[in-house]
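Novice: could you work out the structure for the sequence below:
(one chain, ligands or ions: 1)
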Amino acid sequence: MRKLIAGNWKMNGTAADLGELRTLAQQHPDPSVDIVICGPATLLSRMAETGLMIGGEDCHPAASGAHTGDISAPMLADAGASHVITGHSERRSDHGEDDALIAAKTQAAWAADLHVILCIGESEAQYRAGKTLDVLRRQLDHSVPDGATAATTTIAYEPIWAIGTGLTPTPQEIADVHSALRAHLTARFGEDGAQMRLLYGGSVKASNAADIFALDHVDGALVGGASLKAADFSPIITALEQAR
Ligand SMILES: O=C[C@H](O)COP(=O)(O)O
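Specialist: This next block holds a predicted model:
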């Protein structure tokens, strides 16, 4: 699998920001890694016009129906998306999403031929209590549906306490977690688990990207704040392209 770098614009971006994507597309016309920008539903079809791969930030588990304000996976695909994030910690906390719902959303995304970037991560309290791996294994077991393959699914490890804070785990901690995730996925999914891409997310920026991308079982990143401006995101993409 090619490495993957995904930006997550979260609840940011209007038409005035599309120039950042046009710049990014010009800066990386023939990337050696997969570049995906996950953006607000209001912008997706216009984001897709840049030629970059585009993703939704969430989807409903149903394909259509009476769910005011929600967006389905087929709608994302119709807008030009090839990817979607499920299970982001902000969805889990802001909207009370549990692992069963995330698994249902993931299956809905697969049914619409979207590649899923499924997020897991521990809270600061769980980290401090030494529960990180217990939490992550439980999230993997209950939010990743049976039948996940490397072609349909990417896992993003995002420690909640590292998101938007400027804090990150140490490189050794990231390496240990990713190694444990790889072992757990391989035990369940065999070769697909061994090949499934594992992204790190949480305060990734140009100054720490190369160190993170040098770690075993880190196949890319999910980037929030630093994905909003081409000047910030481009060097992170380049760091992934240059990683061994
Ligand atoms: O989805 C992205 C993550 O929540 C990371 O956000 P951040 O790079 O702003 O810390």
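
Novice: now residue 15: closest residue in space that isn't a chain neighbour?
Specialist: residue 46 (6.7 Å; Cβ to Cβ, 6 or more residues apart in numbering). In this view, the C-beta of every residue, glycine as well, is placed from N, C-alpha and C.

Novice: no, scratch that, I was asking about residue 11
Specialist: The nearest residue in space to residue 11 (Cβ to Cβ, 6+ apart) is residue 40, at 6.5 Å.

Novice: can you pull the contacts of that neighbour?
Specialist: 9-13, 57 (Cβ atoms under 8 Å, 6 or more residues apart in numbering).

Novice: closest to the ligand among the residues you listed?
Specialist: Nearest to the ligand among the contacts of residue 40: residue 10, at 7.0 Å, using Cβ to the nearest ligand atom.

Novice: do you know how far the nearest residue to the closest one once chain neighbours are set aside is from the ligand?
Specialist: Excluding the flanking residues, the one nearest residue 10 by Cβ to Cβ, 6+ apart is residue 224, at 6.1 Å. Using Cβ to the nearest ligand atom, to the nearest Å, one gets 2 Å for the distance from residue 224 to the ligand.

Novice: model confidence score at residue 224, please.
Specialist: Per-residue pLDDT puts residue 224 at 98.

Novice: tell me, how many residues neighbour it?
Specialist: 22 (other Cβ atoms under 10 Å).

Novice: can you check residue 2 too?
Specialist: The number of residues packed near residue 2 is 10, by other Cβ under 10 Å.

Novice: what's the spacing between residue 85 and residue 223?
Specialist: 12 Å (Cβ to Cβ, to the nearest Å).

Novice: please enumerate the shared neighbours of those two.
Specialist: 6, 8.

Novice: just checking, residue 187 touches residue 181?
Specialist: No. Contact criterion Cβ atoms under 8 Å: residue 187 and residue 181 do not qualify, at 10.8 Å.

Novice: ok, those two, which is more surrounded?
Specialist: More crowded of residue 187 and residue 181, by other Cβ under 10 Å: residue 181, with 21 against 10.

Novice: and that one, that's in a helix?
Specialist: Yes. Counting by DSSP: H, G, I helix; E, B strand; the rest coil, residue 181 is part of a helix.

Novice: count of residues packed around residue 170?
Specialist: Around residue 170 there are 9 residues (other Cβ under 10 Å).

Novice: kindly report the same for residue 4.
Specialist: Applying other Cβ under 10 Å, I find that residue 4 has 23 neighbouring residues.

Novice: check the residue nearest to residue 11 and give its pLDDT.
Specialist: Per-residue pLDDT puts residue 40 at 98.

Novice: try residue 1
Specialist: pLDDT, residue 1: 89.

Novice: same deal with residue 103?
Specialist: 98.

Novice: ok so, going back, the residue nearest to residue 10 against residue 8, yeah?
Specialist: Yes. Between residue 224 and residue 8 there is a contact at 5.1 Å, judged by Cβ under 8 Å.
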